[in-house]
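S.K.: Coordinates only, no sequence provided:
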């Protein structure tokens, strides 16, 4: 069973309530989700990991059921401090960390800032962007979701969610039929709906952690991690072309790139093997 609950978390400026999911037993594994989702998006991975770990999957501040940070974050630093405070509140000193997309970048920066609290990282959707690509993303990726009298912001959220599962960046793939990544070409409407609702739930500041993560998506930041890292590279992933760029870097022995085939089943089999090896 996956249990849900809240825990008071002291952060700069006050105390927030962090919403999280828990499951399994064994050594602790912290799981960090992509933006603008919540830990609900990770439920299939939680179910996989709980066979090997005691899983703690929080919603990032400002997303899902977790309060926003009292002082709006300007970088990933504030999120790494929130992770440390959350671990203290949970009575956990040292953890394994899984992160996907935004969660992967928070995990990387947490491991860099707190290597003594990090056993190892498992990363999905960790890639390398050029400076120009990041600049383009900052300009085009984050349209306003401020409420409008005509409700047009609802259509903006839908277009973002619909494009997100067709290709990256979403704004270049609105009219594409979508690649077949086990989604059957057209993204399932239930998945698009859940993602659009996640954008709207996060509100006008939905881009806060999102922007900070994109700005951090550089191979040199990953290379600075000193704890063991497994970088999962799914051939069916939206960011495959950007993840493949990691092949062009000389990685230290403790950072391993783990490849899997294009089907969701192959992705989960590879993740399961890594979880089993680390546990």
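M.R.: Yep, it's here. Note that this is a predicted model, so its numbers are computed, not measured.
S.K.: quick check: mean pLDDT across stretch 162-172?
M.R.: The average pLDDT within stretch 162-172 is 90.
S.K.: Can you mark which positions in that stretch are buried?
M.R.: 162, 163, 164, 165, 166, 167, 168, 170, 171 (16 or more other Cβ atoms under 10 Å). All C-beta spots, glycine's among them, are computed from the backbone N, C-alpha and C.
S.K.: residue contacts, the first one?
M.R.: With contacts defined as Cβ atoms under 8 Å, 6 or more residues apart in numbering, the neighbours of residue 162 are 170, 174, 187, 192, 196.
S.K.: How about the last one?
M.R.: For residue 171, the residues meeting the contact criterion (Cβ under 8 Å, 6+ apart) are 140, 141, 163.
S.K.: cool, the third one as well?
M.R.: Contacts here follow Cβ under 8 Å, 6+ apart; on that basis residue 164 touches 170, 195, 238.
S.K.: quick one, phi/psi of residue 124?
M.R.: Main-chain torsions, residue 124, degrees, to the nearest 10: phi -120, psi 150.
S.K.: Can you give me every residue that contacts it?
M.R.: Applying Cβ under 8 Å, 6+ apart, the residues near residue 124 are 98, 99, 100, 101, 104, 232, 234, 237, 271.
S.K.: circling back to that earlier point, between the contacts of residue 171, which sits nearest residue 122?
M.R.: If you rank the contacts of residue 171 by distance to residue 122 using Cβ to Cβ, residue 141 comes first, at 25.6 Å.
S.K.: The closest one contacts residue 168, doesn't it?
M.R.: No: the criterion here is Cβ atoms under 8 Å, and residue 141 misses it with residue 168 at 9.7 Å.
S.K.: tally of neighbours for residue 125?
M.R.: By other Cβ atoms under 10 Å, 25 other residues sit near residue 125.
S.K.: Residue 236 versus that one, what's the distance?
M.R.: 12 Å (Cβ to Cβ, to the nearest Å).
S.K.: Among the contacts of residue 164, which ones are in helices?
M.R.: Members of those lying in helices (criterion: DSSP state H): residue 195.
S.K.: those strands in the stretch 1-150 of the chain, which residues are they?
M.R.: 3-11, 14-24, 28-32, 54-58, 95-100, 118-124 (DSSP state E, counting those that start in this stretch).
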